[in-house]
Every structure is written in structure tokens, then in C-alpha cells.
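Enquirer: only geometry, no sequence info:
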């Protein structure tokens, strides 16, 4: 049988922080959708998704947290 190492990837979900006030609950819905993606590929990939990034700081923090350590 052929050995298969699952790729380790990161999913960076982006949305502007101003959308939450216009579309209440959108951040939670987007995070739930991203988690569904993570779950759906779990057999073939290790997909890291910590949270939806909403501004420059949260994007930088997310990327820095995993960075090349994926």
C-alpha cells in the first residue's frame, strides 16, 4: 500500500470588520463555513483555521501564529 502524507495547509478567512455591523452574525457564519471546509478535507489535508481575520492586525497575528510552522 502506498503511504500518503497529508499536506498541512492554512486557511486565512478574510472579511472587513465593518461588515459585522451591517450584517450581524456574519463573522460567526463565515467561521462556521470555514470550519465546514476544514472538516470536509480532513481525510486528505490537515487544514489550519483559527478564526476569520477582520483587519490588518488580526491577519498579521494569524499568519505569525502559524507562519512557516504549518
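Expert: Perfect, thanks for sending it. Keep in mind it's a predicted model, so treat the numbers as computed, not measured. Residues are numbered from 1 along each chain as shown.

Enquirer: Measure how buried the residue nearest to residue 41 when sequence neighbours are not counted is and give me the count.
Expert: Leaving aside its sequence neighbours, residue 41 sits nearest to residue 47 (C-beta to C-beta, 6 or more residues apart in numbering; 5.6 Å). All C-beta spots, glycine's among them, are computed from the backbone N, C-alpha and C. Residues lying near residue 47 (other C-beta atoms under 10 Å) number 20.

Enquirer: now the strands for this structure?
Expert: Ranges of strands in the chain, per DSSP state E, are 8-10, 13-14, 46-48, 52-53.

Enquirer: Any chance of CSV for those strands, columns mean pLDDT?
Expert: Shown next, in CSV, are those (pLDDT from 0 to 100):
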stretch, mean pLDDT
strand 8-10, 91
strand 13-14, 92
strand 46-48, 93
strand 52-53, 94
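
Enquirer: How about residue 7: what's its closest non-neighbour residue?
Expert: residue 45 (5.0 Å).

Enquirer: what's the one you found in contact with, if anything?
Expert: 6, 7, 8, 9 (C-beta atoms under 8 Å, 6 or more residues apart in numbering).

Enquirer: Drop the exposed ones from those and show what's left.
Expert: For these, a neighbour count by 16 or more other C-beta atoms under 10 Å gives an empty buried set.
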